[in-house]
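Q: prediction below, plus the sequence it came from.
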Amino acid sequence: MGAQIIDGKAISSAIRQQIKQQVMELQQKTGKSPGLAVVLVGEDPASQIYVRNKEKACQEVGIYSEVYRLPQETSQQQLLDLVHQLNERQEINGILVQLPLPDHLDEMTVLRDISPDKDVDGFHAVNAGKLLNGEKGFVPCTPKGIITLIKSTNVDIKGKDAVVVGRSNIVGKPVSILLLNENATVTICHSKTADLKSHTQRADILVVATGKPNLITGDMVKPGSVVIDVGTTRVEGKLTGDVHFASAKEVAGWITPVPGGVGPMTITMLLQNTVEAAVSQWKL
Ligand SMILES: Nc1nc(=O)c2c([nH]1)NC[C@@H]1CN(c3ccc(C(=O)N[C@@H](CCC(=O)O)C(=O)O)cc3)C=[N+]21
Ligand SMILES: [Mg+2]
């Protein structure tokens, strides 16, 4: 026995092919390519890998990209000045400021200064509010990718017990709202949850986004469930998820691997949001 693997890499490739096609059609129609600006402050090695992957993914599908690598000691005002410039630039449709920012910079202020129309991360308060209200806006990339992965299993989300472990603004909260919009019954667990296992054991759909390697073991998983592992922590040089894969795989019905699960989908959804941004800014 054992779970079916949800192949995030394969699903990503298929969607990226569609995006590439869409970008070609847009180029034929308008003579322009969608454009993404990525801003990275400091030298965090993991962030550097992610940013390089985003750059490569843009090239692959024909999205124009600019990457700004700013020194660790960049001031809040310098960063805001760059964001404001990018807001004004016609050829830039999407802006992403890689998180986490160095401690001396205020993330909330920076995110609020990105034009909501260019906020392809979906982190701006306006887009977060729209998600909460069920209005159209940019949906954060990782949560959007997670819903796509769950739907790829053909398990109907409606009426299911979904448990989200983690309550970050980037993953836990928005994915909970998306699952609620899909008519799941949603429980959000976190570091102060009294009896985590009692919740996860009841989950038909389990999404884990805590950054705590191997937090969820097989005994905490409901038989036949869909398990989505958002964690990517490097442990002794090896990329490790929040779910103990070997034990959980024996119990779950479907499970995402790390690497090759949620990670590639996050970048694919960023490409999708960038195309969406261009289409709406070009009033097509
Ligand atoms: N403004 C902003 N937007 C983000 O979307 C954002 C961010 N900041 N900060 C960091 C997190 C994390 N994140 C990942 C993206 C791709 C992989 C990814 O491609 N992972 C590969 C492995 C990559 C590797 O080898 O390290 C995989 O899981 O297969 C992982 C994590 C985006 N984030
Ligand atoms: Mg994201």
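A: Yep, that arrived. Ligands and ions are numbered 1, 2, ... in the order given.

Q: switch to C-alpha atoms for all contacts and neighbour counts from now on
A: Noted.

Q: stretch 259-269 and ligand 1, are they touching?
A: Yes. Using CA under 6 Å from any ligand atom, we find that stretch 259-269 touches ligand 1 at 259-264, 266-267.

Q: can you list the residues you listed in CSV and add pLDDT and neighbour count?
A: Listed next are these as CSV, based on pLDDT from 0 to 100; neighbours: other CA atoms under 10 Å:
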residue, pLDDT, neighbour count
259, 98, 19
260, 98, 16
261, 98, 26
262, 98, 29
263, 97, 23
264, 97, 23
266, 98, 23
267, 98, 23
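
Q: tell me the one of these nearest ligand 2?
A: residue 266 (5.8 Å; CA to the ion).

Q: wait, the closest one sits on residue 149?
A: No. Shown here, residue 266 and residue 149 do not form a contact pair, counting by CA atoms under 8 Å, at 10.7 Å.

Q: just give me the neighbour total for the residue of the chain found nearest ligand 2.
A: As assessed by CA to the ion, ligand 2 sits closest to residue 141 within the chain, at 4.1 Å. As a burial measure, residue 141 scores 27 neighbours (other CA atoms under 10 Å).

Q: next up, the contacts around it.
A: Residue 141 makes contact with 121-122, 265-270, 273, according to CA atoms under 8 Å, 6 or more residues apart in numbering.

Q: residue 244 too?
A: Residue 244 touches 213-218, counting by CA under 8 Å, 6+ apart.

Q: so which bits of the stretch 1-150 of the chain are right by ligand 1?
A: Taking CA under 6 Å from any ligand atom as the test, the list of the stretch 1-150 of the chain residues beside ligand 1 reads 50, 96-99, 121.

Q: of those residues, which belong to helices?
A: Judged by DSSP state H, the subset of those located in helices is residue 50.

Q: sitting in strands, which of the residues of the stretch 1-150 of the chain next to ligand 1 do you find?
A: 96-97 (DSSP state E).

Q: can I get the residues of the stretch 1-150 of the chain next to ligand 1 in TSV including pLDDT, neighbour count and distance to residue 180?
A: What follows is those, written out as TSV (pLDDT from 0 to 100; neighbours: other CA atoms under 10 Å; distance: CA to CA, whole Å):
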residue	pLDDT	neighbour count	distance to residue 180
50	94	15	29
96	98	22	26
97	98	22	28
98	97	17	27
99	96	13	26
121	98	25	20
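
Q: where along this structure do the strands fall?
A: Here the chain has its strands, by DSSP E, at 4-5, 35-41, 64-70, 94-97, 161-165, 185-189, 205-208, 226-229, 233-235, 238-240, 254-255.

Q: does any bit of the last one sit next to ligand 1?
A: In this case it means strand 254-255. No. Using CA under 6 Å from any ligand atom, strand 254-255 stays clear of ligand 1, coming no nearer than 13.5 Å.

Q: so how far is that strand from its chain's centroid?
A: Its chain's C-alpha centre and that of strand 254-255 lie 18 Å apart, by CA atoms, centre = their mean, to the nearest Å.

Q: which strands and helices sit next to it?
A: strand 4-5, strand 226-229 (3 or more CA pairs under 8 Å, 6 or more residues apart in numbering; DSSP states H and E).

Q: what's the most buried one of those?
A: Among those, ranked by average contacts under mean count of other CA atoms under 10 Å, first place goes to strand 226-229 (a mean of 28).

Q: let me see the residues that make contact with that one.
A: Applying CA under 8 Å, 6+ apart, the external contacts of strand 226-229 come out as 146, 150, 204-209, 241-243, 252-258, 261-262.

Q: got the CA positions of it in CSV?
A: The C-alpha trace of strand 226-229 is given here as CSV (Å, rounded to 0.1, in the frame of the first residue of the first chain):
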residue,chain,number,x,y,z
VAL,A,226,-4.7,14.3,1.2
VAL,A,227,-1.5,15.5,2.8
ILE,A,228,0.2,18.7,1.5
ASP,A,229,3.6,19.5,2.9
